[in-house]
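# when you get a sec, could you give me coordinates for this:
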Amino acid sequence: MRSYYIYMLEIEGPHAEKRVYIGKTYQLEKRLQDHLGGNCKSAEALKQHTIKAIKEIHKIKGLEGLESLAELDAITSRIENKSITDKMNGDGGNKAKYRGGCYLYKWDDDTFDLLNLNHKNYEELKKYPLEKVNKTEYLVTGKNKHQIVKDIMKDIH
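Next up, the predicted model:
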């Protein structure tokens, strides 16, 4: 059974002050290495930005009974989209470009509050709560980027 994660990156770049990128993956270590290394196949626009921090990593719970990869991908995509929609609404309805993640203007702590869902299309997502698995925010500095990913993987396991 694959573990799926929703993660948030704080980014800076052209035409942007502080923004957040939200993504999902079941290959967390590889995805973070790709983002930090500039190999962002599913997030081409990230190549123009600097990743400043890895804000949060949440593990999606309640997926144990699902075996179909298509069903897993569909459910986790809805969870990701709900997180993004909640965040955009929390930002005053900013129209953000969305493709494999989302650029947002600011960060607040309500992004992953999926326990208070009231939209009927997302009612079933209450069965899949998110568990925050990182203990700290990881600042991306001159430190070896592969070491940052190793530190994260050690932290969450």
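
# please enumerate the helices of this structure.
28-37, 69-90, 145-156 (DSSP state H).

# nearest to Lys59, of those?
With respect to Lys59, and counting by C-beta to C-beta, the nearest of the helices of the chain is helix 145-156 at 7.7 Å. Backbone N, C-alpha and C define where each C-beta goes, glycine included.

# so, low pLDDT: which residues of the chain?
By pLDDT under 70, the low-scoring segments of the chain are 1, 13-19, 39-48, 83-124, 142-143.

# for Ile148, give its distance to Val140.
From Ile148 across to Val140, the span is 6 Å (C-beta to C-beta, to the nearest Å).

# and those two? which has more neighbours close in?
A count of neighbours by other C-beta atoms under 10 Å puts Ile148 above the other of Ile148 and Val140, at 20 against 17.

# and the strands in this structure?
Here the chain has its strands, by DSSP state E, at 5-13, 16-25, 50-60, 103-104, 130-132, 138-139.

# quick one: contacts for Thr25?
Shown in contact with Thr25 (C-beta atoms under 8 Å, 6 or more residues apart in numbering): 4-5, 7, 31.

# before we move on, back to that, need the helices of the chain in CSV (columns: distance to Lys132).
Below are these laid out as CSV (distance: least, C-beta to C-beta, whole Å):
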stretch, distance to Lys132
helix 28-37, 14
helix 69-90, 13
helix 145-156, 10
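
# that older thread, and the strands of the chain, which is most packed in?
Comparing the strands of the chain by mean neighbour count (mean count of other C-beta atoms under 10 Å), strand 103-104 ranks first with a mean of 24.

# re the thing from before, need the residues touching each of Ile148 and Val140.
What both Ile148 and Val140 touch, as defined by C-beta under 8 Å, 6+ apart, is the set 36, 54.

# separation between the residue nearest to Lys135 when sequence neighbours are not counted and Gly38?
Using C-beta to C-beta, 6 or more residues apart in numbering and skipping the chain neighbours, the partner closest in space to Lys135 is Asp155 (5.6 Å). Asp155 sits 23 Å away from Gly38, going by C-beta to C-beta.
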